[in-house]
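S.K.: the following block contains a protein sequence and its predicted model.
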Amino acid sequence: MTEYAFPPGGLPPQSQLLTGRAIFTTAFAVIPKGVMTDIVTSAFPHWTGARGWIIARPLSGFAETFSQTIMELERGGGSDRPETDQNAEAVVFVTSGVAELTLEGKVFRLDAGGYAYIPAGANWSIWNREEVATTFHWVRKSYEAVEGIAPPNAFVTHERDVPHHPMPDTDGAWATQRFADPDDLAHDMHVNIVTFQPGGIIPFAETHVMEHGLYVLEGKAVYRLNDVWVEVEAGDFMWLRAFCPQACYAGGPGPFRYLLYKDVNRLPTLTAGR
């Protein structure tokens, strides 16, 4: 069974050095797992027995399209009213435990690797009915409707059922699991899993319009962000502004895998500040 990283919580000892790997610039941010402690969690309206590490949110002048929260539900924790914004679509990706997701009247049990796309305005709830804690990523975006295109339908799947699509000319060293059909223009965001085998690389500095959130699920790598190289490992998060150059080298000994958010399939809004 695959194991996925999630925040360690707690607090470091008073004897620990202050030096760390956290970086915030105008082009990117790196939030290492070591700073995701108990004192930076948030509580939310209509949730019980729950806390969340907010690792991305719309922020004027930096990144503007999405929020991402790592949720932890204690036994009996959850919500019947999880979303307060009726225009927010979401992806839920479970990293440990079991989440009982009720979506438009249907009940699903999502174990680690379980994935759900939740359209804007959907009726849903999520609870932990098990003895141990449940953790999951909750990625949210304000859905951008387009006249003549129906919004996407809800779906639930598991990452083991989603094929790996190798990138061209890589012999499988770099592959992506695409949960939504990239040709379906109803979707305005993708949340995928990218896997690099040891030694696999992005062999050029990608520079593109999509904003990214990258949460490292497994392994370690050296990642180039703008003009610097940073070491990242399971449990770290990277937040990339549109057009931030990016590349990576997977360090091994096992695969390097991350959950990747990107905004897609829409013309840029021609309004100042958006």
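M.R.: Nice, I can see it.
S.K.: and Gly20, what is it in contact with?
M.R.: Neighbouring residues of Gly20 by CB atoms under 8 Å, 6 or more residues apart in numbering: 32, 34-35. For glycine as for every other residue, the C-beta is placed from the backbone atoms N, C-alpha and C.
S.K.: which of those residues has the most neighbours?
M.R.: Among those, the one with the most neighbours (other CB atoms under 10 Å) is Pro32, at 19 neighbours.
S.K.: that residue and Gly235, how far apart?
M.R.: For Pro32, the distance to Gly235 equals 7 Å [CB to CB, to the nearest Å].
S.K.: how about Val107?
M.R.: Taking CB to CB, one finds Val107 at 30 Å from Gly235.
S.K.: those two: which is more packed in?
M.R.: Comparing Val107 with Gly235 by other CB under 10 Å, the one with more neighbours is Gly235, at 20 against 9.
S.K.: my guess is that one contacts Tyr4, does it?
M.R.: No - using CB atoms under 8 Å, Gly235 is not in contact with Tyr4; the gap is 9.3 Å.
S.K.: who touches both of those two?
M.R.: What both Gly235 and Tyr4 touch, as defined by CB under 8 Å, 6+ apart, is an empty set.
S.K.: before we move on, the earlier item: reformat the contacts of Gly20 as CSV; add distance to Thr25, secondary structure and pLDDT.
M.R.: Output for those, formatted as CSV (distance: CB to CB, whole Å; DSSP: H, G, I helix; E, B strand; the rest coil; pLDDT from 0 to 100):
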residue, distance to Thr25, secondary structure, pLDDT
Pro32, 15, coil, 96
Gly34, 19, helix, 91
Val35, 16, helix, 92
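S.K.: ok, so of those residues, who is nearest His164?
M.R.: Pro32 (27.1 Å; CB to CB).
S.K.: let me see the contact set for the closest one.
M.R.: Pro32 touches 20-22, 232-233, 235-237, counting by CB under 8 Å, 6+ apart.
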